[in-house]
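A.B. asks: no sequence for this one, just the structure:
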C-alpha cells in the first residue's frame, strides 16, 4: 500500500511538470497553489523589476542649481562683474576638485557623465598612492611586501578510547585518555637584499594515562632561526626594489612590476596626467575668456549698425518716401535685429561656459565682464629656442620617459629572473623538554630551563636548486619587455616629431591671424572712406533712395571690416595661448606651480645621510639602485644666456624676491621678445605680451630686450632662392604693400577707434 501511494505521487508530479511547459518571455508562470498563495506574486514581481538606488547623499544638491537660468529677454536685468584673466584662472583652480574641460561639454561622450571614474581630479594622486591591486599598486602597498609577518596559533585536544589490546599501557577494556595542546608563533620578514629571515617558537603538550610512558605529561618545544638567500634568480637589492620580494610573487601572474621603484614611477606618471589635465583646463579658461571678449565686441558692433539703420529708416519715414524704400530699410533693420539676438545668444553661451569652468553658480544675477584686453603686438618667437622649450617641458614627453624608465627597470629584473633558482638555506634550533613548562623540578623536569640551557640543539645548512626546464615563461617575459621597450623608444621619437609639427602649426596660426589683422586695417580704412564719400553724395544729391541703399551697403561693409579685425586680434591671442600650450609653459606663464605633499617621515634620515655622503665624497652603494634621470632632446636654455632685465624674480620663503639661481625646478618661461618691422614701427603699438597684465598702459616705443631666446632672425641674411611662381607672388605683394603704404600711418588711429570704449555697454543705452 505504501509503495502504491509513492508511485501515484510520482506520476502526478511528472504530469504536472509536463503540462506546465516552459514560460515565454511575456508569459507568467502558473502555480498549483490556490488563492491563499496569491501574496507570493509581490515577491515574483519585485524580483523581476528594475532596481533604483536609494541612499542618503553625503552632500546635499547645490541649491543654486535650482535658480532659473538666464535668457535673452532677461539679459538687461544682470549686473556686470568685472573679472581679470588671472582671476578666472585662480577661481578655476580653486574649484578644481573635479577637473573639467570645455571640449567635452554637451557631447554624448562627455567623460564626466559616461565615465566619471576616469575623470581627472585632485584625488587621483592619493588614489594611486594607496592602490593595492596588481598593475596599480602604490608605493605604500609595495613597501608592505617588506613588512614582518606574524603568525601564531594555539589548540587543545582530548581523546578517550576503550582499548582492546594489552600493550597499550592500560588493561584491556579500560579507557586510554590522551590530552594534547599545541602552541606555535612564527615571525618572518623579507629583506631588501632579497634574503628572508624567520624566527619560530613551538611548544607541544601531551598527557596520557598509559603506563608505558616515562612521563605521564610532557612539554616539548624549540626556538628556531632560519635564513634564506637567493644567489641567482631574484638575487640583489635592485631586483627586489623593482620586482618586490621573490617570495611575494606568483609565477606567471605578478611579473616584475610590483616593486617600490615601479610604484614610485607610476606615481610620477599619475602626477603628469594630473598636470596635463590642469594645463588643458587653464587653456580652455583662456580661450573662453577671449571668446567672451570677442562676443561682447561683436555685440557692440551690431548695436551700432542697428542704430545707423534705424536713423536712416526714420529719415525715410519723415520724408514720406515710397513704400519700396521703407520696405528695403525695414528689411535691413529686421536683419540687424536678428544678428543682435544671435550675437547676444553667443555672448551668453560663452559666459555660461566660462562660469562652468571656473565654478560659479549657474545664475547669480551677474554677468562676467572681461577687463583684460587682447594684445596687438607682434610676437616673433625663435624656432630653435621654442622647440627646445617644448622638448624640455612637454608633459607627454616626460610621461613617456617615465614609461621608458619603468620598462628598462622591469627588463633588467626580468633578465635576472630568467635564471635558475639557487638559494642558500640555513636553520638553527634549540630544543626544550620537560615534565612541566616552567617551575617544578629542575633539569629535564623544567622545559624552559632545558630550552634556555642550550644543550639540546640542531642545525642544518645547504643549498636548494630549482628551475623549469627551458625557462620558457621567463624567456617570453624578457622578450615581451624588450619589444615593449623598443616600441616606447620609437614612440618617444615620433612624439618629438609630432611636437615639432604642432609647434610649427601654432606659429603659423599666429602669423596667419596677425597678418589678417594687419590687412584688415587697410580694409577698415577703405570702408571708412567709402562711408564718408557715400554720405557726402547722399547729402549733396538730396538724399535719393539709390544713394541710401548704397550707404546702407557701405555701413554694413564697415561693420564687417571692424568685426573681422577684432576677430583676428582675438584669434591671434588664442594662437599665442595655443603656442604656449604646445611649448609646455602655459602654467608657468600664469604663475601656476604644482608640488607634491610632505615627505614620508622615514625619508628624512635617508636624505640626510645621502647629503653627508655627497658632501664628504663617500662611497654610496645605494646609488646603484636609484632611478636614473634622463632627458631626450636639446638641453634647456640657461639663465646666463638671457638678459638680466628680462629675468623674473621669485618670492622666497621669507617673502623677499630671490635670484634666478634660486628659481624652482620648473623655470617659468621668459616672456617672448617683441620685434616690430622697421618700416612698420608706428603701425602697431608694442606692448607687453603677457597674457594677463593688470591693464598696462600702452607704450608704442617699448625697446626690444636683448639676449632673449625668442629673437627674430636677422633681415641681413641672404634670402633663399625661390621658384618663378613664388617670386611673382612676392612681387605682387610688394606692389600691394606700396599702394597701401599711404595709409600705414593711420593704422594706430583705426585700432584705437575700434578698441576705445567698453564692450557690451551699448545694450544699456
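C.D. replies: Structure received. These numbers were taken from a predicted model, which means no experiment stands behind them.
A.B. asks: how many neighbours does residue 338 have?
C.D. replies: 11 (other CB atoms under 10 Å). (Glycine included, C-beta is placed from N, CA and C.)
A.B. asks: gap between it and residue 453?
C.D. replies: 106 Å (CB to CB, to the nearest Å).
A.B. asks: Same question for residue 379.
C.D. replies: 88 Å.
A.B. asks: With neighbour numbers in mind, choose between those two.
C.D. replies: residue 379 (22 against 12).
A.B. asks: Who is that one paired with across the strands?
C.D. replies: residue 674 (DSSP bridges).
A.B. asks: now the helices: where do they sit in the stretch 301-450 of the chain?
C.D. replies: Counting by DSSP state H, counting those that start in this stretch, the stretch 301-450 of the chain has these helices, from start to end: 323-358, 383-393, 395-417, 447-453.
A.B. asks: What of the stretch 501-650 of the chain?
C.D. replies: 545-583, 586-589, 603-615.
A.B. asks: Check which helices and strands the longest one sits against.
C.D. replies: Under the contact criterion of 3 or more CB pairs under 8 Å, 6 or more residues apart in numbering; DSSP states H and E, the helices and strands touching helix 545-583 comprise helix 260-318, helix 323-358, helix 383-393, helix 472-540, helix 586-589, helix 747-755.
A.B. asks: Taking helix 383-393 as reference, get the angle to that helix.
C.D. replies: Put simply, helix 545-583 runs at 60 degrees to helix 383-393, going by axes from the mean of the first three to the mean of the last three CA atoms, to 10 degrees.
A.B. asks: For residue 208, name its beta-bridge partners.
C.D. replies: residue 178.
A.B. asks: And it, how close does it get to residue 69?
C.D. replies: For residue 208 relative to residue 69 (CB to CB), the value is 88 Å.
A.B. asks: out of these two, which sits in the busier spot?
C.D. replies: Legend: neighbour count by other CB under 10 Å for residue 208 and residue 69, higher for residue 208 (20 against 10).
A.B. asks: who's in contact with that one?
C.D. replies: Taking CB atoms under 8 Å, 6 or more residues apart in numbering, we find residue 208 in contact with 169, 176, 177, 178, 179, 216, 217.
A.B. asks: would residue 150 count as being in a strand?
C.D. replies: Yes: counting by DSSP: H, G, I helix; E, B strand; the rest coil, residue 150 falls inside a strand.
A.B. asks: What's the local residue count around it?
C.D. replies: 10.
A.B. asks: Grab the nearest non-local neighbour of residue 286.
C.D. replies: With sequence-adjacent residues excluded and distances taken as CB to CB, 6 or more residues apart in numbering, residue 286 is closest to residue 577, at 4.7 Å.
A.B. asks: Which parts of the stretch 101-250 of the chain are strands?
C.D. replies: 149-162, 175-190, 196-208, 217-230 (DSSP state E, counting those that start in this stretch).
A.B. asks: Pass me the low-pLDDT residue ranges in the stretch 151-300 of the chain, would you?
C.D. replies: Along the stretch 151-300 of the chain, the model assigns pLDDT under 70 to residues 248-255.
A.B. asks: do the same with the chain
C.D. replies: 1-49, 53-64, 248-255, 319-323, 325, 439-443, 538-546, 597, 599-600, 617-765.
A.B. asks: go again using 50 as the cut-off
C.D. replies: By pLDDT under 50, the weakly predicted segments of the chain are 18-19, 23-27, 620-747, 749-751, 761-765.
A.B. asks: quick one: which of the strands of the stretch 101-250 of the chain is nearest residue 312?
C.D. replies: strand 175-190 (89.8 Å; CB to CB).
A.B. asks: List the contacts of residue 411.
C.D. replies: Contacts of residue 411 by CB under 8 Å, 6+ apart are 478, 481, 482, 485.
A.B. asks: Could you count how many residues lie near the closest residue in space to the last one that isn't next to it in sequence?
C.D. replies: Spatial nearest neighbour of residue 485, excluding adjacent residues (CB to CB, 6+ apart): residue 407 at 4.4 Å. Residue 407 is flanked by 23 other residues according to other CB under 10 Å.
A.B. asks: The one 3 residues further on too?
C.D. replies: Here the count is done by other CB under 10 Å, and residue 410 has 25 residues near it.
A.B. asks: With residue 82 instead?
C.D. replies: With other CB under 10 Å as criterion, residue 82 counts 10.
A.B. asks: Got the phi and psi for it?
C.D. replies: Torsion angles at residue 82 (phi, psi; degrees, to the nearest 10) stand at phi -70, psi 130.
A.B. asks: any idea how far it is from residue 367?
C.D. replies: 10 Å.
A.B. asks: and if you look at residue 574?
C.D. replies: From residue 574 over to residue 367 the distance is 22 Å, taken as CB to CB.
A.B. asks: which one of those two has more residues nearby?
C.D. replies: The neighbour count for residue 574 versus residue 367, taken as other CB under 10 Å, is higher for residue 574 (22 against 19).
A.B. asks: Run through the residues that contact the more buried one.
C.D. replies: 286, 287, 290, 291.
A.B. asks: out of the residues you listed, which one sits closest to residue 614?
C.D. replies: residue 286 (42.3 Å).
A.B. asks: hang on, the closest one packs against residue 85?
C.D. replies: Yes: in this structure, residue 286 is within contact of residue 85 by CB atoms under 8 Å, at 6.6 Å.
A.B. asks: more crowded one of those two?
C.D. replies: Between residue 286 and residue 85, counted using other CB under 10 Å, residue 286 has the larger neighbour count: 25 against 20.
A.B. asks: between the contacts of residue 574, which is nearest residue 109?
C.D. replies: residue 287 (20.3 Å).
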